[in-house]
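Colleague: Sequence first, predicted model second:
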Amino acid sequence: MSSTKAIPQSTSSARKPPRQPLLWAALAYGIGVAVGAYAWRPPLWWVLATLGFLAAGAYYVSRRVWLAFVLGLGALFFTGALAIQASTARGPSDDGALAFADGEEVVVTAHVTHEGQIREAGFGGTRQSVDIETEELTNGDRRLVVRAGVRLGIYAKESDQDYDESGTRMPMRMFRYGERLRFPAKLRAPRNFRNPGAFDYRGYLVDHGIVMLASSKITRVEVLPGFVGNRVERMRQGVHRSLVRKIHALWSAEDAALMDAAVVGESAFLTPATRLDFQRSGTYHILVVSGMNVSILAFVVFWVMRRLRLSDFLASLLTVMLCTAYAFVTDVGPPVWRAVLMLTVYLDVRLLYRGRSVLNALGAAALGVMVMDPKSFLGASFQLTFLSVWALGAIAVPVLERTSQAYQFGLRHLRSADFDRTLPPQVAQLRLDLRMIAERLPQWLGGRASLAIVGAGVHGVLSVYEVLCVSALMQCALVLPMAYYFHRATVMGIPANALAVPLTGILMPTSALALGLGYVWLPLAKLPALLAAASLHGITGTVRGLGGLRIADYRVPLPETSTIVIGACAVGIAMVLAWQRRAFVLCGIALLAATSLWVSAAVPRPHMRAGVLEVTAIDVGQGDSLLVVSPQGKTLLIDAGGPVGGQQSEFDFGENVVSPYLWERRISHLDVVVLSHAHSDHIGGIHTVLKNFRPREFWVGALPETASVRALLSYATSLGIRVVRHSDGDSIEFGGMQVRVFSPPLEWQTSSQPRNNDSLVMRLQYKDSSVLLEGDAEIMVEQRMVRQGESSGDDPTSRKTRDVTHPAEIANLLKSDLLKVGHHGSATSSSWEFIHAVQPRWAIISVGRGNSFGHPRLETLQRLEQEGAATYRTDLNGAVSFYLDGHTVSPQLACLR
């Protein structure tokens, strides 16, 4: 039988790997993109190199084909370098629109280019975010006709919303694609947190055509007559909107939020807790529309088409058309289109009866995407997709073909003895054993049923093995990019994916069927909707159960360069050995597994300067976060930023700003975390920092008895972190430096809410150099520190000691080389008397750019200048590091972009 040719005669023999020239072409082009992005050369160099390699390749094509192929790859390498530099040189243009982002209110005339969803905004209000394209900007006598992308947040307070006759609040109006709007707003340019390792938010928006941000109350938004836009895009967004409505009609609100994300790519209704559960369990790819969705859809459609006896050509054509329509409606972007392109290439070569190499199809898809957008190669999404499919095709497929696939094929026609002779000996022996087992089953089952039951059992065991094998190999291959980009070691990824991915294979077709029937008659959709909901609950139960384990929340810092090189080599070696004899295959898999464990468990050497005291002001916007590294390498983090004024925000400063900076410096553990006081712009990110870096101690000062403070202290205790309260007079030796606490006083009385004067004020001394960290302390505390100098007796029960100091000596003790200016440079702090007592030569102000408080105040800057202090600001300079060697202070900007 011709079909038996796919079965190897020996599962231990080596096989010749399939040819995949397009894969090597894509790799050459991608490496060229990476080199061109980080090693700029004049474009003429790349052009001449490309032409030279092409000419040499043409010369050798009829003489030495292999050399011509290598030269062709070289030409692609130089073309990739040229393409990325040309792409970067073009860049986006705002055509002068950013000149209106000057803090003044502007009247904007624009039209909607991308719709948003209505969400709760806290305090009974609602909000929606839409992308618009400007038509005209007006500010007094200034007028500019310009097309520039703006992301507009529209807000409605509870008092702004309408009510129907029954007193029920009516939903906020949604603004549709193509509608023309006019509204007053203050435009602002998007800004990154300027720390090493920070997410490039501005670049992300630019890639989506957005150059400015704005916000407006719904009562100030006027809808103008007319439509501006593309009719096809209007239809697409209308279909997308209709699908979201149908999903919310078929499933409960909680289930619908997950269905929105997993089926149609609408993530607006996901909660941060849900995202975190999927991230911790290594199953976040299920929660977003990705290549897996396209694969499942393609498999189901193609299988149904073949069952309907359509030809290969028609089945392939319909599969590609439906997958293309799905990618168009979801509008998720490159990940889905990459999958559709790869599917199209694979089905095309299948129809041409060529070798159906997944890797060749992957190479064609990757090359096509990079030619259209060279920058995509540098993104995490592209690299994860590329590497996962590469690991599947180059490692998992050959391993399965030589293990379970031979036996899976041998489970066909179990009753046929003639079929045994066409199979490898070990497979034929399995069939004989299964027949013997079937004969011993109860007679009332019948011979045919007994054999079917035994065969189904073996098939199930082999299927479980295949799922676990694929999941394990892909998780091992993805350990390096997960650690590099997301600082996660998905410890529970293998069992979570082994359970969740098969359920996703049920979820996708049943949810699609439910949506289709829902447009015919809603009751018809109930049964598939129930099946989809059951699959979804199985996925979420798995994710919450495994993702909720403490071991699942294992974070890793940036791997060292040597680790990255070794990890990449291990993946490559495993791919080469996967086609060799069994012993080599096992060696390759063992190497891959060992390297994955090493990448996850190895503790890299942190980026620190030995023998100096370092103080770094991390850019957290209008908040505070300071990293202190002692001369002996001990680490102390003071505050972790947060939203201003107690605002409700889903943005976690600890996870998204402070932690990435620490991981970028390869810091995996903190010795001490300090909370200066409990205002939201200081305490907001502390919870996550405690979880991610597990310090030995948590230092606090005077904290009010609020629910959030009690919860934080309880959480710290649950992590095994020792909570230490400090007050005026405490002196602590820490890692080769001396820490002296000046405030709050021991008898300080807190109020019901946190106050600036609750701040823990500390002075760090290393040899003859010192730093004064003021928190948000105001003039009253400053005057007390300068004039009163309170003290108390020794505390023999603690390793800390009381420093009993004469009041006249306090002013001299305040004198410091570096001052962290209090309360973001406001007028309520930094009195002339205090600055004169400190006599700083350097000052750092942690402040948000364009903040609404007017910080730092001009008078504060003038006092510092008059005292002779060189002042740095995080809003202008980004993160700033100061290095104190015991005699001098050396400032250094931590981030230049």
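Modeller: Done, it's in.

Colleague: For the helix or strand containing Leu205, buried residues please.
Modeller: Secondary-structure assignment from DSSP states H and E places Leu205 in helix 201-207. Residues of helix 201-207 classed as buried: 205-207 (neighbour count, 16 or more other CB atoms under 10 Å). Quick note: C-beta positions are derived from backbone N, CA and C, even for glycine.

Colleague: Do a quick rundown of the helices in the stretch 701-850 of the chain.
Modeller: In the stretch 701-850 of the chain, helices defined by DSSP state H, counting those that start in this stretch lie at 707-718, 779-787, 807-814, 832-838, listed in chain order.

Colleague: remind me, longest helix of the protein?
Modeller: Identified as the longest helix of the chain according to DSSP state H is helix 447-481.

Colleague: chain center to it, what's the gap?
Modeller: 31 Å (CA atoms, centre = their mean, to the nearest Å).

Colleague: can you give me the helices for the stretch 51-200 of the chain?
Modeller: 65-90.

Colleague: Show me where it dips below the pLDDT cut-off.
Modeller: Scanning the stretch 51-200 of the chain for pLDDT under 70 picks out the ranges 89-95, 122-124, 159-169.

Colleague: about what we covered before: quick one: buried residues of the longest helix of the chain?
Modeller: Within helix 447-481, the residues scored as buried using 16+ other CB under 10 Å are 450-451, 454-455, 458, 462, 466-467, 469-481.

Colleague: ok, now stretch 244-253?
Modeller: Quick answer for stretch 244-253 (16+ other CB under 10 Å): 244, 246-248, 250-251.

Colleague: Also stretch 542-554?
Modeller: 542-543, 545-547, 552-554.

Colleague: Would you mind splitting the chain into its domains for me?
Modeller: With domains defined by automatic domain parsing, the chain comprises 21-90, 97-229, 613-893.

Colleague: mind checking which of those domains is nearest Thr271?
Modeller: domain 613-893 (8.1 Å; CB to CB).

Colleague: Look up how far Ala249 lies from the residue nearest to Ala594 when sequence neighbours are not counted.
Modeller: Nearest residue to Ala594, sequence neighbours excluded (CB to CB, 6 or more residues apart in numbering): Ala570, at 7.9 Å. Distance of Ala570 to Ala249, computed by CB to CB, to the nearest Å: 49 Å.

Colleague: about what we covered before: wasn't the residue nearest to Ala594 part of a helix?
Modeller: Yes: judged by DSSP: H, G, I helix; E, B strand; the rest coil, Ala570 forms part of a helix.

Colleague: need the contact list for it.
Modeller: 591-592, 594-596 (CB atoms under 8 Å, 6 or more residues apart in numbering).

Colleague: Just the CA trace of stretch 459-474, in PDB.
Modeller: Written as PDB, here are the backbone C-alpha positions of stretch 459-474 (Å, rounded to 0.1, in the frame of the first residue of the first chain):
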ATOM      1  CA  HIS A 459      -4.600   6.000  20.800                       C
ATOM      2  CA  GLY A 460      -5.500   8.100  23.800                       C
ATOM      3  CA  VAL A 461      -2.300   7.300  25.600                       C
ATOM      4  CA  LEU A 462      -0.300   8.200  22.500                       C
ATOM      5  CA  SER A 463      -2.300  11.400  22.000                       C
ATOM      6  CA  VAL A 464      -1.500  12.500  25.600                       C
ATOM      7  CA  TYR A 465       2.200  11.700  24.900                       C
ATOM      8  CA  GLU A 466       2.100  13.800  21.800                       C
ATOM      9  CA  VAL A 467       0.500  16.800  23.500                       C
ATOM     10  CA  LEU A 468       3.000  16.600  26.400                       C
ATOM     11  CA  CYS A 469       5.900  16.200  24.000                       C
ATOM     12  CA  VAL A 470       4.900  19.100  21.800                       C
ATOM     13  CA  SER A 471       4.100  21.300  24.800                       C
ATOM     14  CA  ALA A 472       7.400  20.500  26.500                       C
ATOM     15  CA  LEU A 473       9.600  21.000  23.500                       C
ATOM     16  CA  MET A 474       7.900  24.300  22.600                       C
END
